[in-house]
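In: here's a sequence, model it:
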Amino acid sequence: MHALWPQTYDRFKWSTANETAMDEDLSEVFQMIAEDERRRRYLKEIGDWLVEEYFELHQAS
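Out: Now for the predicted structure:
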């Protein structure tokens, strides 16, 4: 067996575990971004609707 094998193997295990944790973190970040985007669109739609309703009511009076 090569003398560097244990060090290389340990680094590979650490690297793989680290990448897995990073992938999970990135997945959570992307989910939060998607939720924020949905929330932003929803609030914009509600805001637009409220503005339309407010101006329609006040223009009709």
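In: mind telling me what element residue 20 is part of?
Out: Element membership of residue 20, judged by DSSP states H and E, is helix 5-60.
In: now do that helix, average pLDDT.
Out: What helix 5-60 shows for mean pLDDT is 81.
In: for residue 44, see how far away residue 37 is.
Out: 11 Å (CB to CB, to the nearest Å). The way it works is simple: take the backbone N, C-alpha and C, and place the C-beta from them, glycine included.
In: ditto for residue 25
Out: Residue 25 sits 29 Å away from residue 44, taking CB to CB as the criterion.
In: same deal with residue 56?
Out: From residue 56 to residue 44 the distance is 18 Å (CB to CB).
In: also residue 36?
Out: In terms of CB to CB, residue 36 sits 12 Å off from residue 44.
In: again with residue 21
Out: 35 Å.
In: do the same with residue 54
Out: Counting by CB to CB, the gap from residue 54 to residue 44 is 16 Å.
In: give me the neighbour count for residue 20.
Out: Residue 20 has 10 neighbours, counted by other CB atoms under 10 Å.
In: okay, now residue 59: neighbour count?
Out: 7.
In: now it: how far from residue 27?
Out: Distance from residue 59 to residue 27, by CB to CB: 48 Å.
In: over to residue 20?
Out: Taking CB to CB as the measure, residue 20 falls 11 Å from residue 27.
In: can you check residue 55 too?
Out: Counting by CB to CB - residue 55 and residue 27 are separated by 42 Å.
In: for residue 58, same thing?
Out: 47 Å.
In: could you do residue 39 as well?
Out: 19 Å.
In: now residue 54
Out: Residue 54 is 41 Å from residue 27, by CB to CB.
In: could you do residue 43 as well?
Out: Distance of residue 43 to residue 27, computed by CB to CB: 25 Å.
In: what of residue 37?
Out: Residue 37 is 16 Å from residue 27, by CB to CB.
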